[in-house]
Every structure is written in C-alpha cells, then in structure tokens.
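**Student:** whatever this is, show me its structure:
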Amino acid sequence: RAAAVIRSHIDAALCGGATGGSPAVRDEEPGPGGDVGLGGERVDAPSEVEIRRALMESERLYHWCLRGSWVPGYLAGRGLRSAAGERWRAGYAPGGWTAITSHLRRLGFGDAVIEAAGLARRSARGTLIDCFRDRVMFAVRDERGRIAGFIGRARPDAGAGVPKYLNSPQTPLYHKGDLLFGLHEGRGLLERGATPVIVEGPFDAIAVTEAGAGRYVGLAPCGTALTGRQVAALAGVADLDRVGVLVALDGDRAGREGIVRAYEILLAHTGKLSAAILPGGRDPAEILQTDGVDSLAEALGRTDPLAQVVIDAHLDGWGRRLEHAEGQLAAMRSAATLIAHTLPIGTVETIQRITCGRSLSALDDELRPVVNAELPEIAGQLPAGAICQIVRVADRTGCDHSEVTVEVANAATRESLLPEAPTARDPMSDPAHLPRATESAATAALASTGFPCAALHPRHTSGTSALGVYWESGRHEHGPGRARTSHRVNYRR
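**Tutor:** As a prediction, the model looks like this:
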C-alpha cells in the first residue's frame, strides 16, 4: 500500500497537481475489478456510447497532465510547440500502473468499459493496468472527429525494450486499417485544396501540416502499412483527381518498400501521384527539427512522379547486375511484370483481348526487331504512369522501349495476373471506377524521348487536355553492336 501512495504522489507531481477543478490523478493498488451484477452474474457488453465517453475523459486527462510533465520541453525541442495547441491536443500519460484506470473508476466507469476502450489491459495477475504509461499522447479520430483510440510515444530515454510508438489495441471503435492520423485535423485544409502527404508517423504528419502553411496536410497510418480503406476515407474528404497525393516516406529500405506498397493502393483512386525527395533520407519531423519550417516546405516541393520512384526502387535492388547484359534483361523483365501488376484491371483485360492471350516477341531468332501490329493499340491503352515507368526501365536497362512494352503486355496476358473476383480491388475494381491517365509535364517529357505507339484517339480526363500521339520511326544504337528500330511518341496539347 505504501508503494501505491508513493506512486500517486509522483503522478500528481508530474501532472502539476489536481487543482482548479481539474481531474485528480491517483494511482491505486491494482485490484481484480470486474463488472458483475448483485448476484454475481455477468453484465452486458459495454455500449459504444460508454466507450466513447471513456475515451473522451481519458483524452481530457492526458491533455491536462501535459502541464508539469517532460512533454512540452520535448515537443519544443522537436520544433513542434504547436502540437500542444487545440488542433493536435498533445497529452501525457502518467507513469503509474493504474493512473487512467483509477481516474475512470472514480468517474463511474466499469472495468469492462475501460478495457473495451483499449485504455487498460489485464496483467499476468489478472489485474487491470494502463496500456499507456509515461508517454506523449495523441488522439486518433474518425471521419466525424470522434476519438477512436490513441497513439503514444515513449520518452526519449526509455529503455531499449520499450516500444517507441504504441497504438491502441483493436477495439469496437479502433480499427488501425481504417484510420489516418491527421485526417480530421487537416479536413478543412483538404476540402480547400491542400495536397495530402502520406508519411510514416504522427510527428511527421504534424510537421508536414504545420510547415505546409495550408498547402500540405500530413497523414500517417496508425501502426500499419497504408490500406485501401484509409485511402478511401481520404478520398471522401479530398478531391484526389484534382489535388493528387504526395508520398514522403523515409529513404531506407522499409521506406522504399512502403512506397511500392502504397503505389498500387493509391492507383485505385487517382493517377496523380508523386513522391517528395527528402534530403539525406531523413523524415519530415527530422528536417523540421534540424533545419526548420522553410527547409521542410522546400523539400516537399521537390518531387518526382511516384511511378518513377517505384521503378527506381525496384531496379536499385538489382545492384551491380545491371552492369551486365544478362542482368539488364532479367531486371527489365522483372520490372515489366511489376508494371503489369499495377495496371488497372480494365487495361489488363483490354490487352488480353488485343493479343488474344498469346505472347508477343520483340526480337526474332536472329535478334532482329519484330514488328508487332498490336503494339500501337496496346500502348494506347496504358495509363500515363505506366508510360513513365516503361521509359524509365528502358533508360536504366539499355533496352528499347518496344521491348519493355512487349514484356509488359506479355505479363498482363498471363492468367495469374487476373484476380479471381472483381472484389479483389475493393469497390474500385468496377471498370467504371477505374482511374484514368492524367497528363503531367514530367510524364510527357519522359515519354517524348521515345515510346512505341501509333496514332491514338484523344482521351480526355477531368481538368486536363487531350493527349495527341503520332508515330516517328527511326533507328538508333542500344548496347554494343545492336541496332534496333525505335518508334518515338510525341505528346502535344
């Protein structure tokens, strides 16, 4: 009991004291708790209303406990003083075992509600202990601004065995794959045309929004890779066809893998995708902390097409094998398969119809170019992002654009690429909802360097002009001693 009293005094000191009608924080000796009726029978499962009330009271306590804790100094050191304000309402979870549990019990909440809200869990002894202890706290809100759960960041000097970030467990209200941190806080800016920026963590999201000055809104998945449900929630707030999506993940291996995964998911909602080139492989929060707001804003303005970044990440994995002809050919075919996997289902089906399910050849047995009558029609079906990728693969592997296009078509015609059911890509798998290619200066510039395509009927997309395309035949060298026929495509407005 003496230990419990000591802990309660420590928590009170960390929270600055319970004065002025603010919630008192006292740690109690963990007890068995439980919600039972007078006769010992089980009570009904907690209602959604009760769980939401418990979450609201917890957020109120966390925010009040900010005063007197280490969190304000930590936020200031990271250049995020504004995180303590009303937009983000950073908080502090006291370090005691049952600070939030005891507080909610005193407010009349039963243990079943506290546990169902993801605020506490059962210890090995069966007692209820707080999930979040001695952490910076941020609420995660749903599309209506209601608190669904929390993200907590450990103090900088926490032990090696302490997870840096901790998310609420799965609850009736908190589903990690459905929620984006920062979406509610940036909703007004997104509705007014700000660009959504996908980042890794909550501090990155805050840094982007604060440095963006209304131009950018940072959004972070809640402890999971980006999901289709999260992007669908974003599409319900922002006009993605108009503003697009910017991805700003770390430059390390995990970050590159995250970019590749995000690309296919985002393509189901918009073709206007780009990636920020962050200096030194740092994340947005690090840039803000070390270089300031202006440097972060400038970094967000330096972008490449996401389609190109995805292909570069894929080809970078081939390393020194790209120095040899065999490696270049294998890498090209591998990249072509990746491109085919990210094509809209409607495009894949059209390519299969054009080729009648047969494979095409770029060269004959004597390595002479083969003229494929189907190639111009196939090229006309490809989205702008795929065109950008084909040009990039050709440039980096020394292959001709027509060879890459043939390999993409062959990969698309393989039966294994087709999903078993239209639901494989969520409701967006309906061809009527497939993303349409949009024109960008970067894509047009790359495509104009050479791409096999015959004259096409102009295809219009919302807010863009048509793409006009025509043949331009010629010959040029590709690799030692190999002359190939190239067909250059020129884009004109």
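
**Student:** pLDDT weak spots in the stretch 351-493 of the chain?
**Tutor:** Applying pLDDT under 70 to the stretch 351-493 of the chain flags the ranges 415-493.

**Student:** number of nearby residues for residue 121?
**Tutor:** 14 (other CB atoms under 10 Å). All C-beta atoms are positioned from the backbone trio N, CA, C, and that covers glycine.

**Student:** enumerate every residue touching it.
**Tutor:** Residue 121 sits next to 115, 128-129, 131, 169 when contact means CB atoms under 8 Å, 6 or more residues apart in numbering.

**Student:** which of the helices and strands in this structure ranks last by mean pLDDT?
**Tutor:** strand 473-477 (a mean of 36; mean pLDDT, DSSP states H and E).

**Student:** all strands of the stretch 1-150 of the chain, in order?
**Tutor:** Applying DSSP state E, counting those that start in this stretch to the stretch 1-150 of the chain gives strands spanning 91-93, 120-122, 128-130, 135-141, 147-154.

**Student:** just the contacts of residue 121 now: which is nearest residue 193?
**Tutor:** Lowest distance from residue 193 to the contacts of residue 121 (CB to CB) belongs to residue 169, with 36.2 Å.

**Student:** phi, psi for the closest one please.
**Tutor:** Dihedral pair for residue 169: phi -70, psi 170, per degrees, to the nearest 10.

**Student:** number of nearby residues for it?
**Tutor:** Burial of residue 169 is recorded as 14 neighbouring residues (other CB under 10 Å).

**Student:** same question, residue 183
**Tutor:** Residues near residue 183, counting by other CB under 10 Å: 26.

**Student:** just to revisit the earlier point, go through the strands of the stretch 1-150 of the chain and pick out the most buried.
**Tutor:** Mean neighbour count (mean count of other CB atoms under 10 Å) peaks for strand 91-93 among the strands of the stretch 1-150 of the chain, with a mean of 27.

**Student:** can you check my assumption that residue 358 lies in a helix?
**Tutor:** No - counting by DSSP: H, G, I helix; E, B strand; the rest coil, residue 358 falls outside a helix, being coil.

**Student:** list the contacts for the residue lying closest to it once chain neighbours are set aside?
**Tutor:** Spatially, and ignoring its direct neighbours in sequence, residue 358 is nearest to residue 413 (7.3 Å; CB to CB, 6 or more residues apart in numbering). By CB under 8 Å, 6+ apart, the residues touching residue 413 are 351-352, 355, 357-359.

**Student:** let me see the ranges of the helices in the stretch 251-400 of the chain.
**Tutor:** Applying DSSP state H, counting those that start in this stretch to the stretch 251-400 of the chain gives helices spanning 253-267, 284-291, 293-301, 306-316, 325-341, 345-355, 375-381, 384-397.

**Student:** buried stuff in the longest one?
**Tutor:** Residues of helix 325-341 classed as buried under the neighbour-count rule (16 or more other CB atoms under 10 Å) are 328, 331-340.

**Student:** from the residues you listed, which is closest to residue 249?
**Tutor:** For those, the nearest to residue 249 is residue 338 (18.0 Å; CB to CB).

**Student:** identify the residues contacting the closest one.
**Tutor:** 310-311, 314.

**Student:** ok, 7 Å please
**Tutor:** residue 314 (CB atoms under 7 Å, 6 or more residues apart in numbering).

**Student:** just residue 336 next, same as before
**Tutor:** Contacts of residue 336 by CB under 7 Å, 6+ apart are 393, 404, 407-408, 411.

**Student:** tell me which of those fall in helices.
**Tutor:** In helices, defined here by DSSP state H, the members of those are 393, 404, 407-408, 411.

**Student:** how far away is the residue positioned nearest the centre of the chain from residue 261?
**Tutor:** The residue lying closest to the centre of the chain (CA atoms, centre = their mean) is residue 226, at 4.1 Å. Residue 226 sits 7 Å away from residue 261, taking CB to CB, to the nearest Å as the criterion.

**Student:** which stretches in the stretch 1-150 of the chain count as helices?
**Tutor:** Per DSSP H, counting those that start in this stretch, the stretch 1-150 of the chain carries helices over the ranges 2-14, 48-64, 71-77, 99-106, 111-116.
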